[in-house]
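K.L.:
Provide a 3D model corresponding to the input given below.
(one chain, ligands or ions: 3)
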Amino acid sequence: MASASLIHAVNFINPPKCILHSKRDYFSFNMSYTCTKSKTSQRQMRNKQSRMATIAAGNQEMDFSDPCWKTKFQEDFELRFNLPHLMDVLPIKPRPTTFSLKNRNAQLVNGANLLEDRKNGYVNEDDRALLKVIRYSSPTSAGAECIDPDCSWVEQWVHRAGPREEIYFEPGEVKAGIVTCGGLCPGLNDVIRQIVFTLELYGVKKIVGIQYGYRGLFDRGLAEIELSREVVQNINLAGGSLLGVSRGSADISEIVDSIQARGIDMIFILGGNGTHAGANAIHNECRRRKMKVSVICVPKTIDNDILLMDKTFGFDTAVEEAQRAINSAYIEARSAYHGIGLVKLMGRSSGFIAMYASLSSGQIDICLIPEVPFQIEGPYGVLRHLEHLIETKGSAVLCVAEGAGQDFLERTNSKDASGMRDLETLVFISNSRFLTRQHLYFLPFSSIFLHFLDDSDELTLLQQIKKHFRRIDVPADVKYIDPTYMIRACRANASDAVLCTVLGQNAVHGAFAGFSGITVGICNSHYVYLPIPEVIASPRVVDPDSRMWHRCLTSTGQPDFN
Ligand SMILES: Nc1ncnc2c1ncn2[C@@H]1O[C@H](COP(=O)(O)OP(=O)(O)OP(=O)(O)O)[C@@H](O)[C@H]1O
Ligand SMILES: O=P(O)(O)OC[C@H]1O[C@](O)(CO)[C@@H](O)[C@@H]1O
Ligand SMILES: [Mg+2]
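P.N.:
Numbers count the residues shown, from 1 in each chain. Ligands and ions are numbered 1, 2, ... in the order given. Coordinates of the predicted model:
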């Protein structure tokens, strides 16, 4: 009898068949009826790409009383995660790859080993990686991510990244462009470097860097930078981006005009959520114009706020760099009489950096993130817990994500260059209005509170803490550390450098494989290609019910501030 894994393999080589009879079948359930999957060729699947965008992630509209819902879910999933390909709109033919897995031998024998190499080491078009690896027995299991009310197990497979045996470009004729957008992130130079190395190994001669993000594609004053192994050899030793970065509005049609005019065949776009949205629009416009251009993204964000991936590059380094700030805050707090250390870390809408930095340091007593509401005042508020910590431990350290406590803030319509709400209005620790003098005028006994206000017109968290301890007549020595840009304006650490290397290489393999409108990522420690819309359907945030947030609470010992 065929093993379960063999059945899975066969199902992927020949995906349309789905006959569910026994535990060993496709979804591994006990089912006595037959659900037939509609026969869909890879080609047809590609043509259904537009439909994919309309299928809601999580399949909210699925009828779970339908005995075949899993088959339907699987079909929808395959459509959603199918990778857009240049062949979908262009009559192009593949050719054998020029990417040799044994470079030195291949050179020695003038390419004779290529055939030998192709037998092993290349990724098959039907290779897949599992997106979810935990089988939750109940929706009440910690951190359960369920599709149906019973939290049934459904295998969700995504496309494996890597070099293919056949490619869709003549390397000698390719002009490739690289652009880095959004804010800085450790590892940008590592990715640029690997993209250049890998392109050259395929035989690409024309590689250019686009300066200052999307701006470089429409600002005529910004010239292309010619890139080669020599140029990028040591750029990973420094942080930042060799090409520069930028935010700011981008006219997609103008950008595609520019790509067309420059004769760019492959464009590698490094950036976060906003950049991916832009890249997808560029991909769609190239498709509409039937241009043979491969648009490949590499997700970049220290915030780790891109869906479906284990992590994004730069995140590990940011967490590591944050340790220095936390440790300083801890030392200051421990050494002072009733010392309180307050560290602000980046994280506009997601608290991953604050959560992991808190977990990693082991020195944090209170971690506040945007995803978890909290009270400052009152019997269960942050200030009361701080009082308790000072009474019992003699000191305390807080780690606060910049986007935490947004509910307390006055909203303004101020926006940053990329159209995001202006960060300064969200950060409640510095330069932002948490509770203003004007508020106090309307409160009973406001003159008492006004008496405590210092020169600044605002009550930030820092000031709240100071005033609280003054009010209860307990001495407290509060120190505030804001390492904001220091955690991202640095070179990648070892683990990020490896991630950047693999992602950069896979980006090039994806372009030569003929894909476009995709991004590269790491899923359950395996490297995959994902369609752009799937990773930016929403920003990834910390799940307050996840095991990781609970681990963070266990580590800090903080109560619910509600
Ligand atoms: N929805 C969108 N459609 C098209 N382009 C966009 C969109 N959102 C942002 N962009 C463009 O992408 C670029 C980068 O966007 P943004 O400043 O949001 O950075 P990001 O990629 O999200 O990275 P970071 O993680 O640093 O915020 C900007 O030039 C912006 O114009
Ligand atoms: O000051 P900048 O360059 O706009 O970057 C700030 C933003 O960048 C991020 O780090 C994302 O890269 C956010 O956490 C932060 O809000
Ligand atoms: Mg952004």
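K.L.:
looking at the stretch 101-250 of the chain, which residue is nearest ligand 3?
P.N.:
Using Cβ to the ion, the single residue of the stretch 101-250 of the chain nearest to ligand 3 is residue 182, 5.5 Å away. Bear in mind the C-beta positions are built from the backbone N, C-alpha and C, glycine included.
K.L.:
list the contacts for the closest residue to residue 168 other than its chain neighbours?
P.N.:
Closest residue to residue 168 apart from its sequence neighbours, by Cβ to Cβ, 6 or more residues apart in numbering: residue 514 at 3.4 Å. Contact analysis of residue 514 by Cβ atoms under 8 Å, 6 or more residues apart in numbering lists 85-87, 92, 94, 167-169, 294.
K.L.:
same thing but at 7 Å, please
P.N.:
By Cβ atoms under 7 Å, 6 or more residues apart in numbering, the residues touching residue 514 are 85-87, 168, 294.
K.L.:
and residue 191, by the same measure?
P.N.:
Here residue 191 is in contact with 270, 298, 313, 500, 503-504 (Cβ under 7 Å, 6+ apart).
K.L.:
quick check: closest non-adjacent residue to it.
P.N.:
Excluding the flanking residues, the one nearest residue 191 by Cβ to Cβ, 6+ apart is residue 504, at 4.3 Å.
K.L.:
quick one: secondary structure of the one you found?
P.N.:
Three-state assignment for residue 504 (DSSP: H, G, I helix; E, B strand; the rest coil): helix.
K.L.:
quick check, it in contact with residue 201.
P.N.:
No: counting by Cβ atoms under 7 Å, no contact exists between residue 504 and residue 201, whose distance comes to 12.0 Å.
K.L.:
neighbour count winner among these two?
P.N.:
Taking other Cβ atoms under 10 Å, residue 504 and residue 201 do not tie; residue 504 has more neighbours (26 against 18).
K.L.:
quick check: the gap between the more buried one and ligand 1.
P.N.:
Per Cβ to the nearest ligand atom, to the nearest Å, residue 504 is found 17 Å from ligand 1.
K.L.:
ok, now which ones touch that residue?
P.N.:
Residue 504 neighbours (Cβ under 7 Å, 6+ apart): 190-191, 194-195, 198, 298.
K.L.:
who are the contact partners of residue 538?
P.N.:
residue 307.
K.L.:
so it: helix, strand or coil?
P.N.:
coil.
K.L.:
still on that earlier bit, ok, now how distant is the residue nearest to residue 168 from residue 198?
P.N.:
16 Å (Cβ to Cβ, to the nearest Å).
K.L.:
any idea of the pLDDT on residue 28?
P.N.:
Looking at residue 28, its pLDDT reads 34.
K.L.:
sorry, that was for residue 248
P.N.:
pLDDT, residue 248: 86.
K.L.:
again with residue 50
P.N.:
pLDDT, read off for residue 50, is 35.
K.L.:
tell me the residues of the stretch 151-300 of the chain that contact ligand 3?
P.N.:
Contacts of the stretch 151-300 of the chain with ligand 3, taken as Cβ under 5 Å from the ion, map to 272-274.
K.L.:
and residue 87, how many neighbours?
P.N.:
Number of residues near residue 87 (other Cβ under 10 Å) recorded here: 16.
K.L.:
revised request: answer the last question for residue 522.
P.N.:
21.
K.L.:
quick check: it vs residue 87, distance?
P.N.:
Applying Cβ to Cβ, the value for residue 522 to residue 87 is 27 Å.
K.L.:
and what of residue 462?
P.N.:
58 Å.
K.L.:
pLDDT value on the residue nearest to residue 211 when sequence neighbours are not counted, please?
P.N.:
Once flanking residues are discounted, residue 211 sits nearest to residue 222: 4.3 Å by Cβ to Cβ, 6+ apart. pLDDT for residue 222: 95.
K.L.:
equivalent analysis for residue 115, please.
P.N.:
53.
K.L.:
what's the answer for residue 24, then?
P.N.:
At residue 24, the pLDDT value in this model is 28.
K.L.:
so what's residue 519 bridging to?
P.N.:
On the basis of DSSP bridges, residue 519 is bridged to residue 297, residue 530.
K.L.:
what's around it, how many residues?
P.N.:
For residue 519, the count of nearby residues is 29 (other Cβ under 10 Å).
K.L.:
what's the answer for residue 239, then?
P.N.:
18.
K.L.:
list the helices and strands the helix ranked longest in the chain packs on?
P.N.:
Longest helix of the chain, by residue count under DSSP state H: helix 315-335. Applying 3 or more Cβ pairs under 7 Å, 6 or more residues apart in numbering; DSSP states H and E, one finds that helix 315-335 contacts strand 339-345, helix 352-361, strand 396-401, strand 477-481, helix 494-512.
K.L.:
alright, that wraps it up for me.
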